[in-house]
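Peer 1: predicted model and sequence follow; I will ask about them next.
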Amino acid sequence: VQLVESGGGLVQPGGSLRLSCAASGFTFGQYAMGWLRQAPGKERETVAAINFNSAMTWYPDTVKGRFTITRDNAKNMVWLQMNSLMSEDTAVYYCAQFRTGIYTYSDSWDYWGQGTQVTVSS
């Protein structure tokens, strides 16, 4: 399994970024996918999840309405559109493969990439 994130960087508060994840080494269309993040000194948290067929997405309240996860099973790609970014969103963001095709609101992420840094600062 290989998950390669891109698209991170430095952005001002209120700005937007779009993260991309290229997946390979597994049958992408059979698994739920997600984005996790970890800030220094904080626990890893799930910020977005999408089922295998895009029929359901999930977000925690901290990012709901600002972040959008999408996927393209034909391209083995998943994206995270982040709008209205705040300093609290500063973290390393990881693309992750869930254990099954349906996200079950658990922490059952089996694989994740190397991460991409997102820094929100003026």
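Peer 2: Everything's here; your move.

Peer 1: what residue lies at the spatial centre of this structure?
Peer 2: residue 35 (2.0 Å; CA atoms, centre = their mean).

Peer 1: quickly find the element holding that residue.
Peer 2: Residue 35 is part of strand 33-38, with elements assigned from DSSP states H and E.

Peer 1: what's that strand packed up against?
Peer 2: For strand 33-38, the packing partners by 3 or more CB pairs under 8 Å, 6 or more residues apart in numbering; DSSP states H and E come out as strand 17-24, strand 45-50, strand 67-72, strand 77-82, strand 91-98, strand 109-112. Glycine gets a C-beta too; all of them are placed from N, C-alpha and C.

Peer 1: residue 31 is nearest to which of these?
Peer 2: Among these, the nearest to residue 31 by CB to CB is strand 91-98 (5.2 Å).

Peer 1: now the closest one and strand 45-50, what's the angle there?
Peer 2: Strand 91-98 and strand 45-50 are oriented at 50 degrees to each other (axes from the mean of the first three to the mean of the last three CA atoms, to 10 degrees).

Peer 1: report the rounded mean pLDDT for strand 91-98.
Peer 2: Mean pLDDT, strand 91-98: 98.

Peer 1: same thing with stretch 49-57?
Peer 2: 97.

Peer 1: what about residue 25, how many residues close to it?
Peer 2: For residue 25, the tally of surrounding residues (other CB atoms under 10 Å) stands at 11.

Peer 1: thinking again about what came up before, can you check the pLDDT for the residue nearest to the centre of the chain?
Peer 2: Taking residue 35 on its own, its pLDDT is 98.

Peer 1: please apply the same query to residue 114.
Peer 2: Note on residue 114: pLDDT of 97.

Peer 1: doesn't it belong to a strand?
Peer 2: No. Going by DSSP: H, G, I helix; E, B strand; the rest coil, the assignment for residue 114 is coil, not a strand.
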